[in-house]
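Student: Mind looking at a prediction? Sequence and model below.
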Amino acid sequence: MIRKCSLTKLNDFFAAIAGDKTLYIPASDGAGGAVYKKWDSNTQYLDVLNTVKSPKDFFFPHTEDLMEFKVKGKNIELLDIRQESEDFVVFGVRPCDVKSFDILDRVFLSEPVDSYYASRREHGIIISLACSKPSETCFCTTFDIDPTEPEGDISAWKTDDALYLRANTEKGEALMALVEHLTEECDDAPVVAQKQNVKKILDKLPLAGLKLDVFGKGKTEELFDDPAWDTLSEACLGCGTCTFVCPTCQCYDIKDFDTGNGVIRYRCWDSCMFSEFTKMAHGNPRLTQKERFRQRFMHKLVYYPDNNDGLFSCVGCGRCLAKCPVSMNIAKVMKKLGGEK
Amino acid sequence: MNNRPETLIPVIGVITDVRIDTPDVKTFRVVTPDGKKAFDHKPGQCAMLSIPGVGEAMFSITSSPTNTEFMEFSIKKCGCVTDWLHQAEVGQQLTIRGPYGRPFPVDDEFAGKDLLFIAGGIGLAPLRSVINYCRHYRDRYGEIDIVYGSRSSADLVDYQEIIEEWTKDTGVRVHLTIDNPEEGWDGHVGFVPSYVKELSFETNKTAIICGPPIMIKFTLDAMIEMGFAKEQVYTTMELRMKCGVGKCGRCNIGSKYVCKDGPVFRCDELSELPDEY
């Protein structure tokens, strides 16, 4: 069943949710892009296709403290500083990014479960927003994601005058109850019309011709020694920007920081594109940028599918296409390796 | 409070003994502060040791699971954490978590077989756990041969235990070798791969190799030439690790994570992986 909320009441809608739980919505980052901000009455919703950074931060933050130690002489005291997350709501997550949570879940929620991630995931409520204007960097449909039919606790469609909402989970139903007075039952004709309109755009997107049949489970041997890796990786600076903005990249580092009053052991995002990622006392198995570049794409297109029933570790959000300083990206890699119709 | 179990959170351990093995290898005995073994493990498995403020690193557990009182780690001085450990004294606390990884199949594929252990340098550390497990359950295995080589006699890890215990077991033959001649050394001189060929073992043995990557490569080549199949040869690998449970991504080679799918691999399994180790 679909309910609608007039856009004139959008601020009331946010206020009703934020009155009960912490709410994050896309807002201006002051530099032409969007960033998820904690909502208060001054926060202006920014209707962009996507945020610069992906919402993986909500569950797998850029940095997070894991534990603390107090060191006295030869003795060590270990402090478990973990807090159970409180309920929070993220509004406006695009269908591609919602799918990325499933990809991350398979890493962090498989045994042994990552308790830090699990706590946030259990308490996070996602209001996903269907895409009405896909851009030329979009290729989610390559990975079987329907940008007009978002998953998440509540699915939302935004037209020129209203927000259409459908609860998909118990968490979503509970949230809908909070905004019941601001919404009304309606028929889904405007949503259907929007879907049809978007589907026409999708077929014409420049990356609509990407295909996956040369990638996936068991393709290591065919792809690993492809000479194309040499030319593809040539310009890569190893800056890690692609990893940073990627909703599915999940490699991390664990480091200690001496606060002067103890030691904090923290975790932060890392990148297989960095030269020191695999460096050991006896040498580095990935000496050049070619090997590191290849690792990132082989992992998304072959190794991850190998371990996850064929599911690819890319959702086609297009962030890396927009942000790579040397204009290299997964779509170019796929085309060069034979993944084009 | 988040009360879920969490593998990244270690327990406190304390160093109760430090043995100087070679000029750059020390063996550390570790128990919990109340004097118990931190956890049980199987031969070939690893543990994460850390000194808060210095770092955390993965080490193979050198002692046998049959030792129920403590764990031992033979550690070569070669980086931040190991440098720090090498200046640590008895009574120093550290953190420990584990066990991690797939062990050697001591109770399955190894059972009833003649075993050939081949180690180079610090590569004996992970094999000592298996060797002592098999010596403990001596009647479960056939003949045991141990080929061990190092740069010099001073660089042979566990030399005392090898001479005083291993060589005295029935059905256990130890073949030591050093790279260059030395005054007072009347044993074999030469590199491990050629010594293995020289010893011309029966090819029905199950072999377990560990050492520097280059030594593993040439020894494996020599053994294939002798008539061994890759399916008979096991090794244990080392890659940089942070989490130990296949999530941080660091030890990923092909579709495998060395921390959880290894560190023990059969050589035919290894040859299916991209050559990135």
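Tutor: Perfect, I can see it now.

Student: where does the stretch 51-200 of chain B dip in pLDDT?
Tutor: Judged against pLDDT under 70, the stretch 51-200 of chain B has no low-scoring part.

Student: residues from it in reach of chain A?
Tutor: Neighbours of chain A within the stretch 51-200 of chain B, by Cβ under 8 Å from any Cβ of the partner chain: B:52-56, B:78-79, B:82, B:89, B:91-95. The way it works is simple: take the backbone N, C-alpha and C, and place the C-beta from them, glycine included.

Student: Setting the sequence-adjacent residues aside, check what's closest to the residue of chain B most remote from its centre.
Tutor: Distance to the chain centre peaks in chain B at B:Met1, reaching 38.4 Å (criterion: Cα atoms, centre = their mean). Nearest residue to B:Met1 in three dimensions, chain neighbours excluded: A:Glu84, at 6.2 Å (Cβ to Cβ, 6 or more residues apart in numbering or on different chains).

Student: Can you get me a residue count around that neighbour?
Tutor: 13 (other Cβ atoms under 10 Å in any protein chain shown).

Student: quick one: secondary structure of it?
Tutor: Following DSSP: H, G, I helix; E, B strand; the rest coil, we place A:Glu84 in the coil state.

Student: what about A:Asp105, which SS state?
Tutor: Under three-state DSSP, A:Asp105 comes out as helix.

Student: just the helices in the stretch 101-250 of chain B please.
Tutor: Taking DSSP state H, counting those that start in this stretch as the criterion, the stretch 101-250 of chain B carries its helices at B:124-136, B:159-164, B:192-198, B:213-226.

Student: Now that we have those, can you turn them into a markdown table and tack on distance to B:Thr206 and mean neighbour count?
Tutor: Shown next, in a markdown table, are the helices of the stretch 101-250 of chain B (distance: least, Cβ to Cβ, whole Å; neighbours: other Cβ atoms under 10 Å in any protein chain shown):
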| stretch | distance to B:Thr206 | mean neighbour count |
| --- | --- | --- |
| helix B:124-136 | 11 | 24 |
| helix B:159-164 | 21 | 14 |
| helix B:192-198 | 14 | 20 |
| helix B:213-226 | 11 | 18 |
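
Student: one step back: tell me which element the residue farthest from the centre of chain B is part of?
Tutor: Here B:Met1, judged by DSSP states H and E, is contained in no helix and no strand.

Student: which residues of chain A score low on pLDDT?
Tutor: In chain A, residues with pLDDT under 70: A:341.

Student: how's it carved up into domains?
Tutor: A:3-204, A:220-336 (automatic domain parsing).

Student: Check chain B too.
Tutor: Looking at automatic domain parsing, the domains of chain B come to B:11-100, B:115-236.

Student: Please name whichever of the ones you listed is nearest to A:Trp229.
Tutor: Closest approach to A:Trp229 among those is made by domain B:115-236 (22.5 Å; Cβ to Cβ).

Student: quick one: contacts for the residue nearest to B:Met1?
Tutor: Applying Cβ atoms under 8 Å, 6 or more residues apart in numbering or on different chains, one finds that A:Glu84 lies in contact with A:119, A:123, B:1-3.

Student: cutoff 10 Å now
Tutor: A:115, A:119-120, A:122-123, B:1-4 (Cβ atoms under 10 Å, 6 or more residues apart in numbering or on different chains).

Student: show me where the stretch 151-277 of chain B has strands.
Tutor: B:172-178, B:188-189, B:206-210, B:233-236, B:252-253, B:256-257, B:264-266 (DSSP state E, counting those that start in this stretch).

Student: Neighbouring strands - and their directions - for the fourth one?
Tutor: Here the strand partners of strand B:233-236, with direction, are listed using DSSP bridges: strand B:206-210 (parallel), strand B:264-266 (antiparallel).

Student: which of those strands is buried the deepest?
Tutor: strand B:206-210 (a mean of 26; mean count of other Cβ atoms under 10 Å in any protein chain shown).

Student: Give the rounded mean pLDDT of that strand.
Tutor: Mean pLDDT, strand B:206-210: 97.

Student: how far does it sit from the chain's center?
Tutor: Relative to the centre of its chain, strand B:206-210 is centred 11 Å away, using Cα atoms, centre = their mean, to the nearest Å.

Student: Most remote residue from the middle of chain A, which is it?
Tutor: Farthest-from-centroid check, chain A (Cα atoms, centre = their mean): A:Gly73, 43.5 Å.

Student: follow-up on the earlier one: among the residues of the stretch 51-200 of chain B next to chain A, which are located in strands?
Tutor: Among these, the members falling in strands (DSSP state E) are B:55-56, B:93-95.

Student: Max pairwise distance over the residues you listed: which two?
Tutor: Longest span within these, Cβ to Cβ: B:Gly55 and B:Gln93, 15.4 Å.

Student: what about these two, which has more around it?
Tutor: When neighbours are counted by other Cβ under 10 Å, B:Gly55 and B:Gln93 differ, and B:Gln93 comes out ahead with 24 against 17.

Student: Just want the most central residue of chain B.
Tutor: Of all residues in chain B, the one closest to the mean position by Cα atoms, centre = their mean is B:Pro126, 0.8 Å from it.
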